[in-house]
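Enquirer: model the structure of this input:
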Amino acid sequence: MRASGAKNDGVLGAPELVKQTWLKHAFGTRHADPDFSPRQWTAVRLKQFHSDLIRVVSAPDAETHLRGDAMITADPGVALMVAAADCLPVLLADPENRVVAAIHAGWRGTLKRITQKTVGAMRAHFGCDPEKIVAAFGPAIQVCCLEVGMEVVDDFRTQFVYSDELFDKLDPVNPALVMLPRQHLTGGHAVMRDLEDRHAFLSLEEANSRQLMDAGVANARIFRSGVCTKCRADLLHSYRREGPGMGQQRSAIGITG
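Expert: Got it, this is the predicted structure:
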């Protein structure tokens, strides 16, 4: 289900999260960051490094430099903020227990199942029922533009039985070539170039949707943005389009009370 829509203040939001009157959230754009006033909110940010490290945080953590790529809190007044330029921002909310989470899921974190593990951490620390959790994806590079090499495809194949369903334009593999030891292929330079030049396009949204469902979140409660950071130069920053030094979008969620 498509989720993100424009707000009047230049940020984006997910309609199902807007319905949750006990929380505030926003997906930032190149024009505006989420507005979580320091007078009302304690902002917690992470030193992100494409990991599967999940932090359970409270207000005092605002002054520390936590490393990780996902945060969970049940404390009102704590704004969980993640930054991304092409990676997928994921916001989670449990309306029953009033617990929220923010996740930074690039392809490396996705490979490590960070989204699935965050749902598990919400269950372990706060007794959250995955069937009650609402998930929303912010803008990210979409399958139209997230081109990866076969080494990434192979990494996903080692972890997910459905891995090939996560890729578009994935050429069928010749098992005879895959099974040949590399030294037997060195003489066939054309064959080696063919193997090395192969690529596919990864869907971060599909990959993280599957992880949420594997964790017990209902598909109907997963709200997808579908907005591509690389395609929408008018609205969003993109590492793949702009290169090093680009800006980033901030996404945030917090409990109002």
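
Enquirer: low-confidence bits of the protein, can you list those?
Expert: 1-8, 172-197 (pLDDT under 70).

Enquirer: for it, which helix is longest?
Expert: In terms of residue count, the longest helix belonging to the chain (DSSP state H) is helix 114-126.

Enquirer: now it: buried residues?
Expert: 114-123, 126 (16 or more other CB atoms under 10 Å). Placement of C-beta: from N, CA and C, glycine included.

Enquirer: name the helices or strands packed onto that helix?
Expert: When contacts are defined as 3 or more CB pairs under 8 Å, 6 or more residues apart in numbering; DSSP states H and E, helix 114-126 packs onto strand 54-56, strand 70-73, strand 88-94, strand 99-105, helix 204-214.

Enquirer: can you tell me which of these is nearest to Lys230?
Expert: helix 204-214 (12.1 Å; CB to CB).

Enquirer: other residues contacting that closest one?
Expert: Residues outside helix 204-214 that contact it (CB atoms under 8 Å, 6 or more residues apart in numbering): 87-88, 90, 105-107, 110, 113, 115-116, 119, 133, 135, 137, 140-143, 146, 156, 160, 162, 165-166, 219, 222, 224-226.

Enquirer: do that again at 7 Å, thanks
Expert: Applying CB atoms under 7 Å, 6 or more residues apart in numbering, the contact partners of helix 204-214 are 88, 90, 105, 107, 110, 113, 115-116, 119, 135, 137, 140, 146, 162, 166, 219, 222, 224.

Enquirer: and the helices in the stretch 101-250 of the chain?
Expert: 107-111, 114-126, 150-159, 175-179, 182-185, 189-197, 204-214, 239-242 (DSSP state H, counting those that start in this stretch).

Enquirer: so can I have CSV of those showing distance to Asp9?
Expert: Output for the helices of the stretch 101-250 of the chain, formatted as CSV (distance: least, CB to CB, whole Å):
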stretch, distance to Asp9
helix 107-111, 28
helix 114-126, 27
helix 150-159, 36
helix 175-179, 51
helix 182-185, 54
helix 189-197, 45
helix 204-214, 25
helix 239-242, 24
